[in-house]
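# Build me a model:
(one chain, ligands or ions: 1)
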Amino acid sequence: MAVRPIVVWPDPRLREETSEVNGISDEILTLYKDLWDTMIAYEGIGIASPQIGEPVKMFLIDAGVALGEKGADPVAFINPEIVSTGGEIERNEEGCLSFPNIYVPIERPNQATIRAMGIDGQIFEIEGRELLARALLHEYDHLTGKLMVDFVGPLKKRMIKRKLARAAEED
Ligand SMILES: [Zn+2]
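As a prediction, the model looks like this:
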């Protein structure tokens, strides 16, 4: 297991096309564990493979958020598909490990159902509401190259870019 460096926007790896997973190989198990370690180390509630530079269709959500089981293994979503979204459109602040210390209000439906393969190789469906719906849709976006900055106007986008560039210089 290893904590991997987080890919920070505007790194082009966040926009790379992601590939489907064909079954649970040793590589996929290692990727799962690396995502897990990295998510914990950076205190995220979710993380997607492109965020550690791996263009693979897999993301993780913290078990407390996904299942209401704090301390359980994070839930892997492999080759996820959105089955449906619904409920009301809610506007809420979102953060992202690839945008350290940036929070952006984003409108999303507050219900989402996703079908995916788990780390056990079984297909499952999960219906998320509120925070879980938001987390599912946010992480799903990563696998299609969509990012928080795609929800804001050009002015705000430039501001975020400057802020991240300044933070990178200070490191
Ligand atoms: Zn993110």
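
# what mean pLDDT does stretch 26-36 have?
The average of the pLDDT scores along stretch 26-36 is 98.

# mind listing what's buried in that stretch?
Ile28, Leu31, Tyr32, Asp34, Leu35, Trp36 (16 or more other Cβ atoms under 10 Å). Backbone N, C-alpha and C define where each C-beta goes, glycine included.

# can you pull the contacts of Ala76?
By Cβ atoms under 8 Å, 6 or more residues apart in numbering, the contact set of Ala76 is Tyr32, Leu35, Met58, Phe59, Leu60, Ala116, Gly118, Ile119.

# and what of Asp11?
Per Cβ under 8 Å, 6+ apart, neighbours of Asp11: Ser98.

# Show me which strand runs longest in this structure.
Identified as the longest strand of the chain according to DSSP state E is strand 75-94.

# and stretch 80-98, how far out from the chain's middle?
11 Å (Cα atoms, centre = their mean, to the nearest Å).

# low-confidence ranges in the protein?
For the chain, the stretches with pLDDT under 70 are 1.

# And the helices in the protein?
26-41, 63-66, 131-143, 154-170 (DSSP state H).

# okay if I get these as TSV plus distance to Glu94?
Shown next, in TSV, are those (distance: least, Cβ to Cβ, whole Å):
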stretch	distance to Glu94
helix 26-41	16
helix 63-66	13
helix 131-143	6
helix 154-170	12
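
# Which residue is the nearest non-sequential neighbour of the spatially most central residue of the chain?
Against the mean C-alpha coordinate of the chain, by Cα atoms, centre = their mean, the closest residue is Glu139 at 2.8 Å. Nearest non-adjacent residue to Glu139, counting by Cβ to Cβ, 6 or more residues apart in numbering: Phe59, 3.9 Å away.

# likewise Thr144?
Thr18 (7.7 Å).

# Roughly how far does the one you found sit from Pro55?
5 Å (Cβ to Cβ, to the nearest Å).

# overlap in contacts of those two?
Ser49.

# Looking at these two, which one has more neighbours?
Thr18 (19 against 15; other Cβ atoms under 10 Å).

# For that one, list the residues it contacts.
By Cβ under 8 Å, 6+ apart, the neighbours of Thr18 are Ser49, Pro50, Pro55, Val56, Lys57, Leu143, Thr144, Gly145.

# how close does Ile160 get to Leu35?
The value you get for Ile160 to Leu35, if Cβ to Cβ is used, is 24 Å.
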